[in-house]
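Engineer: Sharing a model that was predicted from the sequence below.
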Amino acid sequence: MREALRPTGTLSGPPRIRTGPASSPGIRYPLTPPRNGPGADRRRTVRPAVWYAVAALVTAAVFGPYTAQVGVRTEQVAVYALLLVALLAGRIQLTAVAALVLLLLVTEFLVAVVGGSAPTGAPVAVESGSLLAGIDSLLMPIAVLTLTLLMASSGADPRRLLRIVCTVLVVAMCLNTVLSCVSIRYDITPLLGAFWENHSGQESVAVRAAQLGRLSGIFNQPAEAGALYSLALLAAVHRYRDRTVPFVVATALLTIGGVLTVSKIFLLIGLPLGLWQVVRSFGIARPRVWALTSAVLCTMLAAQYGLLPPWAGADYLTRLLRPPGDGTDLVGFYTAGRLGDTPTLQYVSDAVLGSSPWFGLGAGGLAAAYDNGWIEALAVAGIVGVLLYTGILGCLVAAWFLRRPGTDPATVRFASGLVVVVLGGSLGLPMLTANRVGTITWLLIGLLLLVPAPRAPVRVPGR
């Protein structure tokens with residue numbers, strides 16, 4: 001008797017295989033499970049377009065103002081709300097390195113919350129920091145990375161997610177350059193104050209920096225702006241490498257905006273990396289490289305001959321580019337005294353090591369400007385936190401190294417630039433936890449280094 005046909009929409013036994021088109025002979029692809037019936041994958045309930053919108057919304061929220069709630073940014077509301085929705089509607093797939101990074105982040109959070117709650121040594125002379133702000137700084141990387149992995153594992157193409165994040169980042173930072181240029185001539189502090197305000201009643205860092213000519217737009221600290229200009233410049237080179245006009249406009253605006261911040265992260269790390277990426281991508285003789293160079297030179301000449309409004313930060317920039325040669329400690333000079341012979345961060349480390357060296361002072365830490373990723377880890381989680389922070393950075397380097405084979409050169413260059421900015425920037429800013437900067441950093445880390453690599457088609461031997 002003839003065997004009855006199996007009902008349509010079921011899969012039993014070995015997965016059926018369909019042969020690829022004639023243009024790719026010898027390549028077979030697993031048959032996609034049906035959307036209905038016993039063999040359906042019921043976890044995929046959200047269309048990819050929704051995840052693309054989520055990626056754009058989270059990236060745009062980074063550049064939003066503070067809310068009416070004291071100390072709460074638009075970025076925080078968007079990340080935590082969308083993560084809750086994604087946990088209910090999505091699924092997550094972890095690579096070994098991604099799982100290890102999440103484990104290290106969660107461990108640092110637990111050490112800061114639990115282990116750092118009982119100092120064992122002398123009382124701390126420095127005032128304690130905000131507990132809620134410290135908890136948010138430790139939770140935000142976990143939330144952003146988890147959301148990124150959920151988006152990439154729930155049907156969205158990681159490459160398209162990366163394009164969306166890069167596009168929003170580049171456009172937002174270009175607009176921030178426009179605001180910085182406008183602030184040279186006009187006082188737009190009432191507008192920018194909504195993005196700076198920390199509701200503490202104190203004068204913001206951005207106001208004091210602007211008095212020196214260091215213009216950061218919507219960012220409260222020039223270091224934050226410099227870090228994001230560095231990431232945006234790398235993103236622009238990657239995103240618009242095949243489109244001349246957007247490439248020239250975006251990279252020129254980002255370079256100008258980064259210079260206006262007079263941020264050492266941008267001038268010493270981001271800008272050289274961006275130039276290296278441009279040369280490696282296009283070579284010296286390509287028209288778009290000459291167009292970019294001409295745009296920057298024209299801007300510099302216009303400022304030199306008084307065709308642009310005078311910029312108070314020119315003297316500060318010149319001093320930075322021409323350090324004194326009378327035996328000055330260059331490490332201290334270029335780190336604003338954070339490191340070097342007499343580091344200003346010494347009192348933070350002394351306070352922690354004298355009170356609770358192994359597990360730190362808790363999530364609140366100290367009411368001090370850490371200005372260094374390792375110092376922040378030491379303050380909140382002690383020596384254990386420093387080891388965990390270093391381990392996270394080591395995982396990023398390992399992920400970059402492991403993903404190099406089979407990845408296109410442009411993406412490898414972008415990922416390598418990201419790793420260098422995170423490593424170098426951590427000397428002057430907590431790159432993984434800083435306001436606004438941390439969210440963009442973890443979005444890019446997740447999409448470039450930690451999401452599962454795209455599956456290659458299976459080639460059948462002998463065909």
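Structural biologist: In hand now; what should we look at? Here the structure is a predicted model, which means the values were calculated and not measured. Numbering: from 1, shown residues only.
Engineer: center of the protein - which residue?
Structural biologist: Geometric centre of the chain, nearest residue: T441, 1.2 Å, by Cα atoms, centre = their mean.
Engineer: With G406 as the reference, measure out to that one.
Structural biologist: When distance is defined by Cβ to Cβ, to the nearest Å, T441 is 24 Å away from G406. Quick note: C-beta positions are derived from backbone N, CA and C, even for glycine.
Engineer: and if you look at L320?
Structural biologist: Per Cβ to Cβ, L320 is found 41 Å from G406.
Engineer: So between these two, which is more surrounded?
Structural biologist: The neighbour comparison of L320 against G406 (other Cβ atoms under 10 Å) goes to L320, with 16 against 9.
Engineer: Give the residue spans of the protein that score low on pLDDT.
Structural biologist: 1-45, 116-125, 198-202, 283-309, 324-342, 344, 454-463 (pLDDT under 70).
Engineer: all strands for it, in order.
Structural biologist: Applying DSSP state E to the chain gives strands spanning 17-19, 27-30, 458-459.
Engineer: Quick one: the helices in the stretch 1-150 of the chain, in order.
Structural biologist: 48-61, 74-89, 96-113, 131-153 (DSSP state H, counting those that start in this stretch).
Engineer: tell me the most buried of the ones you listed?
Structural biologist: When the helices of the stretch 1-150 of the chain are scored by mean count of other Cβ atoms under 10 Å, the highest mean neighbour count falls to helix 131-153 (a mean of 22).
Engineer: Against which helices or strands is that helix packed?
Structural biologist: Contacts defined by 3 or more Cβ pairs under 8 Å, 6 or more residues apart in numbering; DSSP states H and E place helix 131-153 against helix 48-61, helix 74-89, helix 96-113, helix 158-185, helix 373-403, helix 437-445.
Engineer: mind checking how far Q277 is from R159?
Structural biologist: Distance of Q277 to R159, computed by Cβ to Cβ: 18 Å.
Engineer: How many neighbouring residues does Y186 have?
Structural biologist: Number of residues near Y186 (other Cβ under 10 Å) recorded here: 10.
Engineer: One more: Q69?
Structural biologist: Using other Cβ under 10 Å, Q69 is surrounded by 10 other residues.
Engineer: among the helices of the stretch 1-150 of the chain, which is nearest V170?
Structural biologist: helix 48-61 (10.3 Å; Cβ to Cβ).
Engineer: Contacts for that closest one next, please.
Structural biologist: Helix 48-61 is contacted from outside by 74-75, 77-79, 82, 86, 90, 144, 147, 151, 154-157, 160-161, 164-165, 168-169, 172, 439-440, 443, using Cβ atoms under 8 Å, 6 or more residues apart in numbering.
Engineer: swap the cut-off to 7 Å and go again
Structural biologist: With contact meaning Cβ atoms under 7 Å, 6 or more residues apart in numbering, helix 48-61 is reached by 74-75, 78-79, 82, 147, 151, 154-157, 160-161, 164-165, 168-169, 172, 443.
Engineer: Dump the helices and strands packed on helix 131-153 into JSON lines; add distance to A223 as well.
Structural biologist: JSON lines is the format used below for the helices and strands packed on helix 131-153 (distance: least, Cβ to Cβ, whole Å):
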{"stretch": "helix 48-61", "distance to A223": "20"}
{"stretch": "helix 74-89", "distance to A223": "17"}
{"stretch": "helix 96-113", "distance to A223": "22"}
{"stretch": "helix 158-185", "distance to A223": "15"}
{"stretch": "helix 373-403", "distance to A223": "12"}
{"stretch": "helix 437-445", "distance to A223": "9"}
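Engineer: Which of those helices sits closest to L132?
Structural biologist: When the helices and strands packed on helix 131-153 are compared by Cβ to Cβ, helix 74-89 sits nearest L132, at 10.7 Å.
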